[in-house]
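# here's a sequence, model it:
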Amino acid sequence: MDNTVLKKKLSTFRSSEGYLVGVSPDVLHDLLRAWEGWTGKSKDFYRSIGFSSTQIAFLLGKAKKLAREGKFPAEEFTEVQLDGVVSSGPCSGIELQWERGKVIRFPQVDQLLEFLKKAA
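Next up is the predicted model:
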């Protein structure tokens with residue numbers, strides 16, 4: 001979501017004193033997703049949506065609490081496809097870098113666990 005749209009949504013919950021009151025869970029969800037996707041400085045994020053850090057920090061806390069409680073709808077999982085990435089070897093399981101540059105490959109997790117138990 002564009003931060004200008006988020007700014008307009010948040011502005012609808014601004015009281016006459018300038019406080020953000022009664023922000024809906026949908027807008028909190030949008031705020032949290034925008035915050036998680038922001039790659040710049042936090043100060044720049046606050047400035048882009050037109051609110052102070054204390055106002056947004058409080059709302060982000062509420063949004064994170066709602067997310068932990070499962071109040072937001074589950075996001076769709078999307079698989080990321082990387083073009084041009086080639087596997088480094090024939091191993092389709094787990095590779096363990098052992099001492100002196102040795103590489104040990106385990107096709108199954110059970111074999112790795114048994115090896116680690118014996119090596120300990």
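
# mind naming the longest helix for the protein?
helix 53-68 (DSSP state H).

# from K8, how far out is the residue nearest to the spatial centre of the chain?
Centroid-nearest residue in the chain: E36, 5.7 Å away (criterion: Cα atoms, centre = their mean). E36 sits 20 Å away from K8, going by Cβ to Cβ, to the nearest Å. Bear in mind the C-beta positions are built from the backbone N, C-alpha and C, glycine included.

# run a quick neighbour tally on the nearest residue to A67 once chain neighbours are set aside.
Leaving out its chain neighbours, the residue that sits closest to A67 by Cβ to Cβ, 6 or more residues apart in numbering is L32, at 6.4 Å. Counted with other Cβ atoms under 10 Å, the neighbours of L32 add up to 18.

# doesn't G61 make contact with L32?
No - L32 is not in contact with G61 according to Cβ atoms under 8 Å; the separation is 10.1 Å.

# on that earlier part again, give the buried residues for the longest helix of the chain.
55-56, 59-60, 63 (16 or more other Cβ atoms under 10 Å).

# in a markdown table: those residues, plus pLDDT and distance to K117.
Converted to a markdown table, the buried residues of helix 53-68 look like this (pLDDT from 0 to 100; distance: Cβ to Cβ, whole Å):
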| residue | pLDDT | distance to K117 |
| --- | --- | --- |
| Q55 | 87 | 53 |
| I56 | 90 | 49 |
| L59 | 92 | 49 |
| L60 | 93 | 44 |
| A63 | 92 | 44 |
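
# now do the helices in this structure.
So, for the chain - with DSSP H - the helices run 3-11, 25-37, 42-49, 53-68, 109-119.

# hmm, who's touching the third one?
Read that as helix 42-49. Residues from elsewhere that reach helix 42-49, judged by Cβ atoms under 8 Å, 6 or more residues apart in numbering: 3, 6-7, 10, 31, 34-35, 38, 52-53, 56.
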